[in-house]
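Peer 1: With the input below, show me the fold.
(2 chains)
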Amino acid sequence: MTLTATRPAAAGTRQAARPRRHGRRWPLYALLAVMSLLTLGPFIAMLIVALSPRGEPTVPAQWPDSFTFDNLAQVLEASGFTEWTFNSLVYSGVSVVVILLTASMAGYAFAKKRFPGRDTILWTFLATMMVPFQATLIPLYVLVSDLGGADTFWGLIVPTLANSQAVFLMRQFILGLPDELFDAAKVDGASELRVYWTIVVPLTKPILATLGVFVFLWHWNDFLWPLVISQSDSTRTLTVGLTVLKTEELQWSLMMSSAAISAVPCLLVFFLLQRYLVNSIAMTGLK
Amino acid sequence: MRHRLRDPVTGLLFVLPMLVLFLIFKIFPTLGAAGMSLTNWNIGGEWSFIGADNYTRLVNDPNFWSSLRATLVYTVIYVPLVMAVSLGTAVLLNSIVFLRGLFRGMLFLPYVTSFVFAGIIWRWIFEFDGLINGLLAKMELGPVGFMERAELVLPALAVVSCWKGFGYSMLILLAGLKAIPGSYLEAAKVDGAGPWQRFRGITLPLLKPALFFVLVIETIASFQVFDTIYVMTGGGPAKASYTLIYGIFERGFRFWEFGYAATWGMVLFAIVLVVSLIQRRFVGKENT
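Peer 2: As a prediction, the model looks like this:
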């Protein structure tokens, strides 16, 4: 009796409570809308200026009379821009491939192999995370230019491949894979390289994809190292190129157009892989 | 048996490519930085050992002290700002369900762009003929020279870094908030605790590890600010935004005094090391 009496009552209060709770949430949504507008505002303003006819008044003074793609076209035709884009693609693309390979190989060995000095090497890798890149910038630059790497692709790319975050992430992930898998493959007579290629790589695909996205963004957005090591358009990346444009070209409609184009790959990554990025930051703390 | 015997070699072989990269491009330059700071290395590659002369020069260099001051002032502005914005947005996102993914995406968007990109856009926003001054002019106010006034340039740069970077800390804190069991908050609610009391008494203490992690990460990031300064101010006006990294860059690549620039780098190294060690000490106590 008591059960039947209380149940509808409880359901009733729950139903009554719901709309009230929703009603109370509107200030939260209002605040979030304001924050989102402040976050997206600079992107929107950038697009409006980029699409405004050159030399004509635009936001904030006045809404432009018409929109045009002339600025974007001129930037794409400007000398250097395609070259910088190509260089950025090489810098990011090669780094992604090599870091994924070397870091997953090292991660596999650190997680599943015994060899002399393993823990010392791993701890040394980890300790280098505490050394800020900028503190080693000068000796690294001197070293690479003495080896003849200034203004070359290898000089730009190779020093950035030593990445302890990537190794550590791979090691943590592979540590969680069951040992039996590797033992079974070995019993079947598979070579070490075969175990790596047919077991480690396929099983680590999700973390490899995540890492790949991050390595791509780190390199595409990187600035200080390309700034000092690239000295001409032949190896200059897009981020460095933008600052060269800045000193030559003070027309904001052109600056905004080039900035917008430079961010296209990042925005593509964002729209295609946002859920991936968001989850992996929450789970691994990758930055 | 055969495999077990081969293991030590294969293990090392798998680590070898990364190990070689590390030895040449991380460990050697790290040791090299310390060594170089004791020399007068210059652009010609000639050098001689000069002992602690660079360090004596450093402590007598007014540029160094003003750059240290600029870096610390920037940190004191940036870290609380980014902590407040990321905690605020994380709490807001955690208290809604409908459209949460959309808002989270919009707030996270700037994180995927570069600091150079952010610097270019925000330079226009802060310009005399830019967005903010244009809006101020409509209200017949201003103009304000954000990049021209020494007291405004560091706060302005902090806003740019915050805009670009808070999405990361927001996601870390959001994950921390999601890990707090709802039953704790329900129980407190039943006991009559208001929203603020629940936040102070339950949410904040349980969020402490995540908050501490974000605090350390953002503090270290604040010492390393460079790209936006290069794009927006060039260290000015009157060296008001001339930070430690900017000093390393200018000493090294404008004056080509590699030995002395490496000495500036050692100071950055020491600061980041201290912050990292404090983090390890605290995290070690609380989590493991």
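
Peer 1: so who does the residue nearest the centre of chain B touch?
Peer 2: Most central in chain B under C-alpha atoms, centre = their mean is residue B:221, positioned 1.1 Å from the mean C-alpha point. Counting by C-beta atoms under 8 Å, 6 or more residues apart in numbering or on different chains, residue B:221 touches B:161, B:165. To be clear about C-beta, it is placed using only N, CA and C from the backbone, and glycine gets the same treatment.

Peer 1: check which helix or strand covers it.
Peer 2: helix B:204-223 (DSSP states H and E).

Peer 1: where does the closest residue to residue B:244 other than its chain neighbours land on pLDDT?
Peer 2: Distances taken as C-beta to C-beta, 6 or more residues apart in numbering or on different chains put residue B:71 closest to residue B:244, at 4.7 Å, once the chain neighbours are dropped. In this prediction, residue B:71 carries a pLDDT score of 96.

Peer 1: ok, now which ones touch residue B:71?
Peer 2: B:222-223, B:225, B:243-244.

Peer 1: what's the answer for residue A:115, then?
Peer 2: Here residue A:115 is in contact with A:109, B:7-12, B:15 (C-beta under 8 Å, 6+ apart).

Peer 1: same question, residue A:210
Peer 2: Taking C-beta under 8 Å, 6+ apart as the test, what residue A:210 contacts is A:276-277, A:280, A:284, A:286.

Peer 1: In PDB, could you pull the C-alpha coordinates for stretch B:178-198?
Peer 2: Output of stretch B:178-198 as PDB, limited to C-alpha atoms (Å, rounded to 0.1, in the frame of the first residue of the first chain):
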ATOM      1  CA  LYS B 178      33.300  14.600 -14.500                       C
ATOM      2  CA  ALA B 179      35.300  12.300 -12.300                       C
ATOM      3  CA  ILE B 180      33.600  13.700  -9.100                       C
ATOM      4  CA  PRO B 181      30.900  11.200  -8.100                       C
ATOM      5  CA  GLY B 182      27.500  12.800  -8.400                       C
ATOM      6  CA  SER B 183      26.400  11.100  -5.200                       C
ATOM      7  CA  TYR B 184      28.700  13.300  -3.100                       C
ATOM      8  CA  LEU B 185      27.000  16.400  -4.500                       C
ATOM      9  CA  GLU B 186      23.500  14.900  -4.100                       C
ATOM     10  CA  ALA B 187      24.300  14.000  -0.500                       C
ATOM     11  CA  ALA B 188      25.500  17.500   0.300                       C
ATOM     12  CA  LYS B 189      22.400  18.900  -1.400                       C
ATOM     13  CA  VAL B 190      20.100  16.700   0.800                       C
ATOM     14  CA  ASP B 191      22.000  18.000   3.800                       C
ATOM     15  CA  GLY B 192      21.000  21.500   2.700                       C
ATOM     16  CA  ALA B 193      24.200  22.800   1.200                       C
ATOM     17  CA  GLY B 194      23.700  25.600  -1.400                       C
ATOM     18  CA  PRO B 195      25.400  25.600  -4.800                       C
ATOM     19  CA  TRP B 196      28.300  27.800  -3.600                       C
ATOM     20  CA  GLN B 197      28.800  25.600  -0.500                       C
ATOM     21  CA  ARG B 198      28.800  22.500  -2.600                       C
END
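
Peer 1: Tell me the buried residues in that stretch?
Peer 2: B:180, B:185, B:188, B:193, B:198 (16 or more other C-beta atoms under 10 Å in any protein chain shown).

Peer 1: quick one: what helix or strand has the third one in it?
Peer 2: Pointing back at residue B:188 there. Counting by DSSP H and E, residue B:188 is found in helix B:182-190.

Peer 1: just to revisit the earlier point, surely the residue nearest to residue B:244 is within a helix?
Peer 2: Yes: checked against DSSP: H, G, I helix; E, B strand; the rest coil, residue B:71 lies within a helix.

Peer 1: roughly how far apart are it and residue B:224?
Peer 2: Separation of residue B:71 from residue B:224 (C-beta to C-beta, to the nearest Å): 10 Å.

Peer 1: Would you map out the domains in chain A?
Peer 2: With domains defined by automatic domain parsing, chain A comprises A:2-68, A:74-284.

Peer 1: biggest helix in chain A, by residue count?
Peer 2: helix A:81-112 (DSSP state H).

Peer 1: any idea of the mean pLDDT in the helix or strand just after that helix?
Peer 2: Scanning forward in sequence from helix A:81-112 by DSSP H and E, the next helix or strand is helix A:118-128. Averaged across helix A:118-128, the pLDDT comes to 91.

Peer 1: Please identify the buried residues of whichever helix or strand comes after helix A:118-128?
Peer 2: Note on helix A:118-128: by DSSP H and E, the next helix or strand toward the C-terminus is helix A:137-146. Residues A:137-145 are the ones in helix A:137-146 that count as buried (16+ other C-beta under 10 Å).

Peer 1: now those as TSV including distance to chain B and pLDDT?
Peer 2: TSV is the format used below for those (distance: C-beta to the nearest C-beta, whole Å; pLDDT from 0 to 100):
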residue	distance to chain B	pLDDT
A:137	6	95
A:138	5	94
A:139	3	95
A:140	4	96
A:141	7	95
A:142	6	94
A:143	6	95
A:144	8	95
A:145	9	93
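
Peer 1: what's the spacing between the residue positioned nearest the centre of chain A and chain B?
Peer 2: With distances taken as C-alpha atoms, centre = their mean, residue A:217 lies nearest the centre of chain A, 2.7 Å away. Remark: distance between residue A:217 and chain B (C-beta to the nearest C-beta, to the nearest Å) = 6 Å.

Peer 1: Check residue A:232 too.
Peer 2: Taken as C-beta to the nearest C-beta, the span from residue A:232 to chain B is 15 Å.

Peer 1: can you list the weak-confidence ranges in the chain?
Peer 2: No chain was given, so I picked chain A. Within chain A, the stretches with pLDDT under 70 are A:1-23, A:246-250.

Peer 1: not quite, I wanted chain B
Peer 2: Residues of chain B that meet the cut-off, pLDDT under 70, sit at B:1-7, B:283-288.

Peer 1: where do the helices sit along it?
Peer 2: Under DSSP H, chain B gives helices at B:2-22, B:28-36, B:53-59, B:62-94, B:100-108, B:115-126, B:131-138, B:150-178, B:182-190, B:195-198, B:204-223, B:227-232, B:244-253, B:258-287.

Peer 1: Flag every buried residue along the third one.
Peer 2: Which is helix B:53-59. Buried positions in helix B:53-59, judged by neighbour count with 16+ other C-beta under 10 Å: B:53-54, B:58.

Peer 1: Nearest to residue B:26 among those?
Peer 2: residue B:54 (22.9 Å; C-beta to C-beta).

Peer 1: For the closest one, list the residues it contacts.
Peer 2: B:37-38, B:40, B:259-260, B:262-263.

Peer 1: Comparing the domains of chain A, which comes out most buried?
Peer 2: domain A:74-284 (a mean of 19; mean count of other C-beta atoms under 10 Å in any protein chain shown).

Peer 1: now the end-to-end length of that one.
Peer 2: End-to-end distance for domain A:74-284: 42 Å, by C-alpha to C-alpha, to the nearest Å.

Peer 1: Would you pull up the residue in the stretch 101-250 of chain B closest to chain A?
Peer 2: Distances between the stretch 101-250 of chain B and chain A by C-beta to the nearest C-beta are smallest at residue B:134, namely 3.0 Å.

Peer 1: Quick check: closest non-adjacent residue to that residue.
Peer 2: Nearest to residue B:134 is residue A:60, by C-beta to C-beta, 6+ apart, at 3.0 Å.

Peer 1: How is that neighbour assigned, secondary-structure-wise?
Peer 2: The three-state assignment at residue A:60 reads coil, by three-state DSSP.

Peer 1: hmm, back to that, what number of residues lie near the residue of the stretch 101-250 of chain B closest to chain A?
Peer 2: 20 (other C-beta atoms under 10 Å in any protein chain shown).
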